[in-house]
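*Asks:* whatever this is, show me its structure:
(chains A, B, C and D)
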Amino acid sequence: MTEIVALEALAARVAPGQSLAIPVDSSGVAMAATAALLEAGIRDLRLICVPISGLQADLLIGAGAIASLETSAVSLGEAGGAPRFTAGVKSGAFTLRDSTCPAIYAGLLAAQKGVPFMPIAGIIGSDLLGVRPDWQVIDSPVGEARKVVVVPAISPDVALFHAPEADRAGNVRIGRHRELANLAYAAKRTLVTVERIVDRNLLESEDSAAGVLPSLYVDAIAIAARGAWPLALWDEYPADEAEIARYAAMARSEEGFRAYLSTFLSHRKQVA
Amino acid sequence: MTEIVALEALAARVAPGQSLAIPVDSSGVAMAATAALLEAGIRDLRLICVPISGLQADLLIGAGAIASLETSAVSLGEAGGAPRFTAGVKSGAFTLRDSTCPAIYAGLLAAQKGVPFMPIAGIIGSDLLGVRPDWQVIDSPVGEARKVVVVPAISPDVALFHAPEADRAGNVRIGRHRELANLAYAAKRTLVTVERIVDRNLLESEDSAAGVLPSLYVDAIAIAARGAWPLALWDEYPADEAEIARYAAMARSEEGFRAYLSTFLSHRKQVA
Amino acid sequence: MSSERERREILIATIADLLDGISHVAVGASSPIPAAGAMLLRARNARDGKAPVRISILGSQQHNFFTNGGIELFDCAAQGRVDAFFLGGGQIDGQGNINLVGTGDYPRTGVRWPGSFGSAYLYHLIPRVILFREEHSPRVFVPKVDFVSARAITPEVRRRGGPYALLTNMALFDFDREAGGFALRSVHPPFTPADIRENTGFAYEEPEVVRETPRPDTATLALLRGRILDELAETYPAFARTMKQAA
Amino acid sequence: MSSERERREILIATIADLLDGISHVAVGASSPIPAAGAMLLRARNARDGKAPVRISILGSQQHNFFTNGGIELFDCAAQGRVDAFFLGGGQIDGQGNINLVGTGDYPRTGVRWPGSFGSAYLYHLIPRVILFREEHSPRVFVPKVDFVSARAITPEVRRRGGPYALLTNMALFDFDREAGGFALRSVHPPFTPADIRENTGFAYEEPEVVRETPRPDTATLALLRGRILDELAETYPAFARTMKQAA
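*Replies:* Numbering: from 1, shown residues only, chains lettered A, B, ... in the order given. Sure thing, here's the model as predicted:
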């Protein structure tokens, strides 16, 4: 059953060397938990961005916490390129596994369904096939002759995200952000931070249940108020664009990044 | 865009020879539309039960409307076996494609994703593999050596179901009955009957949107009050167990079935 | 009626014992006895401060923890998140194979049953599948099923799931996955090992001394006749009513 | 500022024309000009009683018709339910291939861009992909991309999707899937065919007489400067503001 724990205890459940799956910025990113992870000195993560990331991945990369990175893109969106990602690619700071969005979802879906691989449309002709030797092009075993790309299952050790609320049983409201459910189905363990814990049963009515990830998939929950800051949390608060722009400017240099990181970590401690 | 039409006009969109996908009894079965189909003399349907059926399939079979049947089971549940299904199997009245529940979902998922096949766990050792030559056992093309069953995509010509409500744009409330969405994603056309059309936008809030099948997937909607009767509609009304038991008893013989069918069709006309 | 109640109570209590140690059990839509067994385990664990038990009853609103449609039980099983499940069969053979399709030559089978449902899949994936078939007769328990809806063991593929036990109106068998067959564990009173031999069409291991299936103790009966019947009434009102009337 | 407004208005009106006839167009999260073009088509069709246009803007609440998470756009494209989409590229070559990854040798590319996003997939599946890249320079439009994020044509596999046109700050090209290359359709004022030749690093077909890209007519401008700016303000407030200020 789902445990409700403190933020630091939640972060302590991620071990060095594990694969960690995180959602796209607009889905609900556990930034407070990311700060707690960095504070705890996490290292050697194999990061899986579902299917892309921004500030969260760039912070983890800049702090040297990443051994490998699977993603379809890393970008700060309106604020431009992700500076530590770009620098890390050039210096070879981590193993890079470039992907394309639906291939990451397909890999998670294979894990969700307990099959070793998933077929996926398109992709043929892309140089991604050359740099991803774990992907294959096969002849379809059924129907008319047709080449199909297959990608291996992605079973993250840990999925981590932030959501508006959970109930006491550990059911988490995800609205129509079903990519968060896809993450949890595929992951061995799922850690969630929330703005608040509510007393009502989120599975009670058919409407509210439709937007819920059941506690069956949720190992631990921690409360983190404004836990996605400076990123947005749908239905709750917009992104702090000025803060993200400040990051984008400072993180252009290694020293600037260090200065930002130090302020970011102490800010999180003040909030907690 | 979704059209809102009369029940008879909706039924007229199903043509003889088409494949028709229908959901399990508890999901929301379009019984009123089934009566309209039978009234219009539909023939030669290739019925796909997602993943099983009961009264609806048995009525269509008994009326001689079915050329082939793909299903994981046909049963009247508490009321016992499905008499016209059982009789039809014995007389060879239709081509039978026995399946297993997750294989039907897997076939629909392949269609949803535009791939010719879908791998699926389990099944190996079942005699279903012998009677379903369209299923294959392959060596996994990725990862460690492992046998995996693959099933071909199922792309129904038409999906047909009943739901509590739709809005004027054609968005349909399905709650957590996401199997209805799986049906619609895979089908070429989707026809829906509803208890009522509401004026509010079902996509408006994150909670209500989570339980909605978007109009993008819905070709036509017709109003059919108590449109699942005598089956249940979740959140609306329970099954009419007495009526189903009456059917189970009458349909044991061909004449009894004819008598039931005639009453059923005239009942539907009185309601309309 | 009282012996009918006793029969059901032994089955329910036996199922609770068979489920001991699991954390998530799924139960089919029209399976009040398995559901009652799961509820009994849950109540007992709660009473004894043991690990909580999650029960998913297919088609129930109250016991529905799924929000991803009809496929979720199957995905969940593939992920290893379902520990126990119940399967029956029109025929069950001595190798643990089950037939939910029909007798005779497929497809125009002599007797036709509803179909395989999810059995071909779930038998591979759920570690503790309890075969539950009340009728104990040679026409059900056959040497070899006419159609294998789901096969019990498949040495050619690695699997986590398969049969764990077979429970009938007359007896409880263990399934030995290494040996690929059943062993009689206990016989429900008033039946004898000879009754079992007479009514079982397949061969099975029989110990020298066959135990009697224990009757539920007083504390268990109190739970069963109180809290469990109330819980059952939400999902299986007719069944709970007949159990109450039998009291 | 007025010429900046004219530049944008020509791009928006051209996009609306390129989308003519579609019923569902998807637009990326930070693509105000493509979104404005789609909104212009929608408004024009509504005004003229033509078929309605559905616009999905990724990341927008207002223009989100999806309820199945991040995968739905991709599934939808695979089902043939998305008629048009926009892709850009750090490099685009004369065969229509696009590079969203970087320059030089992979993986330690000299310049690194964010990554391929969904391009490798969507380019195969969406019939009318409009390549939209405002910067028109030889470093963007190269003879051969350093990394093919998504390939324009793949004779070895049947596909429904691929490039339809290329729109830049200076010109509009058609893509010929048979020939596998671009043909100049029109040049935006004040540029000349010579400007295009000078700033395009790949070879393309050039007609004897090159048309000028038409400026939006008065009715179109009225829609664009009124209703469209209001609609844009919901999703792209900053962009709508600068368009308004330019007026």
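*Asks:* name the SS class of residue A:59, please.
*Replies:* Three-state call for residue A:59 (DSSP: H, G, I helix; E, B strand; the rest coil): helix.
*Asks:* surely it is in contact with residue A:264?
*Replies:* Yes. Using Cβ atoms under 8 Å, residue A:59 makes contact with residue A:264 at a distance of 7.3 Å. Where you see a C-beta, it was placed from the backbone N, CA and C, and this is true even at glycine.
*Asks:* quick check: the gap between the residue of the stretch 1-150 of chain A found nearest chain C and chain B.
*Replies:* Proximity of the stretch 1-150 of chain A to chain C (Cβ to the nearest Cβ) peaks at residue A:114, 2.9 Å away. Computed as Cβ to the nearest Cβ, to the nearest Å, the residue A:114 to chain B distance reads 4 Å.
*Asks:* which residues do residue A:59 and residue A:264 both contact?
*Replies:* By Cβ atoms under 8 Å, 6 or more residues apart in numbering or on different chains, residue A:59 and residue A:264 have no common neighbours.
*Asks:* ok, now which ones touch the closest residue to residue A:24 other than its chain neighbours?
*Replies:* Leaving aside its chain neighbours, residue A:24 sits nearest to residue A:52 (5.4 Å; criterion: Cβ to Cβ, 6 or more residues apart in numbering or on different chains). Residue A:52 makes contact with A:24, A:71-75, A:101, D:114-115, D:117, according to Cβ under 8 Å, 6+ apart.
*Asks:* at 7 Å what do you get?
*Replies:* Residue A:52 makes contact with A:24, A:71-75, A:101, D:115, D:117, according to Cβ atoms under 7 Å, 6 or more residues apart in numbering or on different chains.
*Asks:* quick one on the thing from earlier: between residue A:59 and residue A:264, tell me which one has more neighbours.
*Replies:* residue A:59 (25 against 21; other Cβ atoms under 10 Å in any protein chain shown).
*Asks:* phi, psi of the residue nearest to the spatial centre of chain C?
*Replies:* Central residue of chain C (Cα atoms, centre = their mean): residue C:132, 3.4 Å from the mean position. Residue C:132 adopts backbone torsions of phi -130, psi 110, taken as degrees, to the nearest 10.
*Asks:* counting by contacts, list what the top helix by length along chain A packs against.
*Replies:* Counting residues, the longest helix found in chain A (DSSP state H) is helix A:254-271. Contacts defined by 3 or more Cβ pairs under 7 Å, 6 or more residues apart in numbering or on different chains; DSSP states H and E place helix A:254-271 against helix A:31-39, helix A:55-62, helix A:241-250.
*Asks:* how about the helices in chain A?
*Replies:* Counting by DSSP H, the helices of chain A are A:7-11, A:31-39, A:55-62, A:83-91, A:101-112, A:128-131, A:178-186, A:206-210, A:241-250, A:254-271.
*Asks:* how big is the angle separating the fourth one from helix A:55-62?
*Replies:* Between the axis of helix A:83-91 and that of helix A:55-62 there is an angle of 40 degrees, by axes from the mean of the first three to the mean of the last three Cα atoms, to 10 degrees.
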